[in-house]
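With the input below, show me the fold.
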Amino acid sequence: MNAINRKPLIIFFVCFYAMFCFLSLNRHSKATVFDYHSEIFSDKSGYYVYLPALFIYDFKADKLPPQIAVKTGKGFSIDSSKNKIFTKYTYGVALMQSPFFLVAHLLAKPLGYENNGFSLIYDRMIDFAGVFYAGLGFIFLFLFLTRYVSKKIAIITLTALFLGTNLFYYSIFETGMSHVYSFFLFSVFLYLSEGMFKPGTPFITNLVFGIIVGLIIIVRPINVIFFPVFFMFNKPGLGNIKGLLKPCIIIAFSACILVIPQLMYWRYLSGHLVMYSYTNEGFTNVLSPKILSVWFSTNNGLFLYSPLVLIMLSGLIYMRKFHNGWSLFLAFYFLFISYVISSWWCWNYGGSYGSRPFVEYYALLSLPFCYLMKYIMESKVRLYVLGFLIVLCITWNLKLIFSFDGYWYGGDWDWQAFGKFIVSPTK
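Numbering: from 1, shown residues only. Take a look at the predicted model:
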């Protein structure tokens, strides 16, 4: 951050935060508590429930408000026989939301809300949390990208990325889901990766990197498949094992500290430090991955809802001129994460806009997109043609987002229903 003037970044963050907090709150202005548009509902309540359970109810199920698990969409459940609160989700999202939860809890009574962890003020505070991490994610991603391209290209790239993909949806409309938090963490991971294991790396850098690694794991354990990206930017030699030992210990220690509370929660639930909390859910499509459906289905297909991602990937072709190895790595890595995502039992990931597991990976795909933007801006013809296509993708994405009601009700390849969705009014 030394070579970058911090003042414009601070101004950007303040403006971004104010503008998109307003948009997020406005979008949810008609939603009430216990509404499927609420940020404490279904999966989102499963991520969140750690906070009221810890700070208000001492993890005692019988202290919770009556029928609260049902009212919040069954994102978590109650084991009445053992008096325990069960959620299959890890606690990372709740940890990142915790400062905002505590503010809501302090303000609840003075502002006339119930301080029970589930009233409207707690719900709205999650919007402030999601937008906060989205804004910080873009700042760290900008700092990362400007190592390879100009500030102008980085700004244009990030603007198109935000407006042209379902990252916009998960930063503004579904702030309680894990994806925008992972996007922030992936952006910081990329920013820090290049400086790791170099002589003279400060203790604090290793410590922060370890915290980011730990957060990536506890926000969404499947995020561990992002870690090999580190070796795209680093090839730590084994010649100086003693020199590598100290930073590795610091990173591992700080990451493990964050994992320990999750192990304690699993022990509270099962008596074991490790448990598979998703019970009957798993990667049952490993031998028959639904890759084409994940990419193109009317039911949340990645490229169908966010066609800009196809343009982003095309940047790998031009990127080869500068970083051939990186380009090949990213091409195979995209196929790999597509395989993993499409191997999950519910390949469309239920109520979502587009294929939501890809959202956090846009942080990485922004790099080839930058090189494509560089290529575009070298010629007026390319700028007009490809620039028009990018604007078209942004328009398409925003139109669908503002027409989307939170769930796709058509079939997996129901083009007639998708056509009606395209021309449906915005909400």
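
Next, count neighbours for F22.
Counted with other CB atoms under 10 Å, residues neighbouring F22 total 12. (C-beta placed from N, C-alpha, C; glycine too.)

scratch that, K321 is what I was asking about
K321: 11 surrounding residues under other CB under 10 Å.

repeat for I121
Applying the criterion other CB under 10 Å, we find 19 residues in the vicinity of I121.

Nearest spatial neighbour of the residue most central in space within the chain, chain-adjacent residues omitted?
Nearest to the mean C-alpha position of the chain, by CA atoms, centre = their mean, lies H179 at 2.0 Å. Distance criterion CB to CB, 6 or more residues apart in numbering; nearest residue to H179, sequence neighbours excluded, is V359 at 4.0 Å.

Who are the contact partners of that neighbour?
V359 sits next to 165-167, 170, 179-180, 182-183 when contact means CB atoms under 8 Å, 6 or more residues apart in numbering.

what about the closest residue to F226 other than its chain neighbours, is that helix, strand or coil?
Of all residues beyond its chain neighbours, the one nearest F226 is F186 (6.1 Å), with distances taken as CB to CB, 6+ apart. The three-state label given to F186 by DSSP: H, G, I helix; E, B strand; the rest coil is helix.

in the stretch 1-150 of the chain, which spans are helices?
All helices of the stretch 1-150 of the chain, identified by DSSP state H, counting those that start in this stretch, fall at 6-27, 43-48, 50-55, 68-71, 92-108, 120-145.

Next one, pLDDT for the residue nearest to H179 please.
Per-residue confidence (pLDDT) for V359: 98.

about what we covered before: contact partners for the residue nearest to the centre of the chain?
Neighbour list for H179: 167, 170, 356-357, 359-360 [criterion: CB under 8 Å, 6+ apart].

where's it relative to K152, distance?
Applying CB to CB, to the nearest Å, the value for H179 to K152 is 28 Å.

where along this structure do the strands fall?
Counting by DSSP state E, the chain has strands at residues 77-79, 84-86.

Let me see the mean pLDDT of the last one.
This means strand 84-86. 97.

if we can go back for a sec, mind checking how far the residue nearest to H179 is from R124?
Between V359 and R124 the distance is 22 Å, computed by CB to CB.

Could you do K82 as well?
The gap separating K82 from R124 is 33 Å, by CB to CB.

Those two: which has the busier surroundings?
Between K82 and R124, counted using other CB under 10 Å, the more crowded position is R124 (21 against 11).

Any idea how many residues pack against the closest residue to the more buried one other than its chain neighbours?
Excluding its sequence neighbours, the residue lying closest to R124 (CB to CB, 6+ apart) is L25, at 6.5 Å. For L25, the neighbour count with other CB under 10 Å is 14.

what does S403 give?
Counted with other CB under 10 Å, residues neighbouring S403 total 14.

Retrieve the pLDDT associated with the residue nearest to it when sequence neighbours are not counted.
In space, and not counting its chain neighbours, S403 is closest to S424: 4.8 Å by CB to CB, 6+ apart. pLDDT recorded at S424 is 92.

Hmm, S424 is touching F402, no?
No - using CB atoms under 8 Å, S424 is not in contact with F402; the gap is 10.0 Å.

how deep is Y48 tucked in, by neighbour count?
Neighbours of Y48 using other CB under 10 Å come to 30.

for N83, same thing?
For N83, the count of nearby residues is 12 (other CB under 10 Å).

same deal with F128?
F128 has 18 neighbouring residues, counting by other CB under 10 Å.

swap in V381?
Using other CB under 10 Å, V381 has 8 other residues around it.

Could you tell me which residues within stretch 196-213 count as buried?
By neighbour count on 16 or more other CB atoms under 10 Å, the buried set for stretch 196-213 is 196-197, 201, 205-206, 208-213.

Check the residues you listed and tell me the two furthest apart.
Greatest spacing in the buried residues of stretch 196-213, by CB to CB: F197 and I211 (16.8 Å).

where's the residue nearest to H179 relative to Y339, distance?
The gap separating V359 from Y339 is 18 Å, by CB to CB.

Flag the shaky bits of the stretch 151-300 of the chain, pLDDT-wise.
Scanning the stretch 151-300 of the chain for pLDDT under 70 picks out 236-243.

likewise the stretch 1-150 of the chain?
Using pLDDT under 70, the stretch 1-150 of the chain drops low at 1-4.

what's near enough to touch the nearest residue to V286 once chain neighbours are set aside?
Among residues not flanking V286 along the chain, S343 sits closest, at 4.7 Å (CB to CB, 6+ apart). Applying CB under 8 Å, 6+ apart, one finds that S343 lies in contact with 283-286, 289.

What distance do you get for S343 to S297?
In this view, S343 and S297 are 15 Å apart by CB to CB.

do the same with N324
33 Å.

Repeat that for P110.
48 Å.

Which of the buried residues of stretch 196-213 fall in helices?
The helices, defined by DSSP state H, take in 205-206, 208-213 from the buried residues of stretch 196-213.

what's around F86, how many residues?
F86, neighbours per other CB under 10 Å, totals 19.

for it, which residues make a bridge with it?
Under DSSP bridges, the beta-bridge partners of F86 are S77.

Contacts for stretch 119-132, please.
Residues outside stretch 119-132 that contact it (CB under 8 Å, 6+ apart) are 16-17, 20-21, 24-25, 28, 31-33, 38-40, 44, 48, 52, 96-97, 99-101, 103-105, 107-108, 111, 113, 170-172, 174-176, 180-181.

Apply 6 Å and report the result again.
Residues outside stretch 119-132 that contact it (CB atoms under 6 Å, 6 or more residues apart in numbering): 17, 20-21, 24-25, 33, 38-40, 97, 100, 104, 108, 113, 175-176, 180.

And those residues, which of them are buried?
17, 20-21, 24, 33, 38-40, 97, 100, 104, 108, 113, 175-176, 180.

can you redo the contacts of S343 as JSON lines with neighbour count?
JSON lines is the format used below for those (neighbours: other CB atoms under 10 Å):
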{"residue": "F283", "neighbour count": "15"}
{"residue": "T284", "neighbour count": "13"}
{"residue": "N285", "neighbour count": "19"}
{"residue": "V286", "neighbour count": "12"}
{"residue": "P289", "neighbour count": "18"}
